[in-house]
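1. Build the 3D model from these lines:
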Amino acid sequence: MMKKIQTIIMLLTLAICTSCKKDNTVDTASKMEKVISTHDALMTKMSVIGTLISKLNKSSDSIKNQTAVNELKASHEAMMTWMQGFGERFSYDDITNAQTLSIEKQQWLQEEEEKVNALKRKMEQSIKKAKQIIVH
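-> Down below sits the predicted model:
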């Protein structure tokens with residue numbers, strides 16, 4: 001009787017551990033997909049940044065314009081820096097097989113998600129500000 005109880009407890013523990021691991025795998029893969037999706041969306045804004053810089057440089061040379069240009073350039077540079085850092089941390093296999101990330105890389109992925117979301121806010125803000133200046 002005691003052996004049956006021990007066996008049942010062991011099987012339940014194993015099932016719970018396996019279930020937790022699967023949930024973590026799905027979460028990691030999902031997080032990687034979100035990070036890459038955000039990156040892809042931001043990449044489409046890079047040409048918008050270039051166009052806005054060009055328009056601002058052609059209009060009257062005011063301090064407001066130059067500030068907006070500097071913010072756009074800073075957003076562009078932040079994107080380039082983020083991509084370089086992300087590329088140094090994650091290989092192609094890491095990106096396509098995120099469910100196999102080590103604990104350390106899972107922590108890095110969390111950091112990268114926070115960084116890319118901050119980058120998104122920065123880019124959106126600089127683009128919005130530049131568009132407002134151009135319209136007025």
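2. ok, which stretches of this structure are helices?
-> Along the chain, the segments classed as helices by DSSP state H run 2-58, 63-89, 92-96, 103-135.
3. Next, count neighbours for D93.
-> Per other Cβ atoms under 10 Å, the neighbour tally for D93 reads 10. Yep, even glycine has a C-beta here, placed from its N, CA and C like the rest.
4. Please disregard the earlier target; I meant E88.
-> Applying other Cβ under 10 Å, we find 8 residues neighbouring E88.
5. Look up how far K73 lies from the nearest residue to H39 once chain neighbours are set aside.
-> Distance criterion Cβ to Cβ, 6 or more residues apart in numbering; nearest residue to H39, sequence neighbours excluded, is V116 at 6.2 Å. Separation of V116 from K73 (Cβ to Cβ, to the nearest Å): 19 Å.
6. Those two: which has the busier surroundings?
-> V116 (21 against 14).
7. wait, doesn't the residue nearest to H39 sit right on M43?
-> No - using Cβ atoms under 8 Å, V116 is not in contact with M43, being 11.3 Å away.
8. what residue ranges in the protein are flagged as low confidence?
-> Scanning the chain with the threshold set as pLDDT under 70 gives 1-26, 61.
9. Enumerate every residue touching the residue nearest to H39.
-> Applying Cβ atoms under 8 Å, 6 or more residues apart in numbering to V116 gives the contacts 35, 38-39, 42, 82, 86.
10. could those go into TSV alongside distance to D93 and neighbour count?
-> Formatted as TSV, the contacts of V116 follow (distance: Cβ to Cβ, whole Å; neighbours: other Cβ atoms under 10 Å):
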residue	distance to D93	neighbour count
V35	16	22
T38	20	16
H39	17	17
L42	23	21
W82	20	17
F86	14	19
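11. For K128, state which of those is nearest.
-> L42 (14.4 Å; Cβ to Cβ).
12. Roughly how far does that closest one sit from I36?
-> Taken as Cβ to Cβ, the span from L42 to I36 is 11 Å.
13. do the same with Q106
-> Relative to I36, and taking Cβ to Cβ, Q106 is found at 15 Å.
14. All set, thanks.
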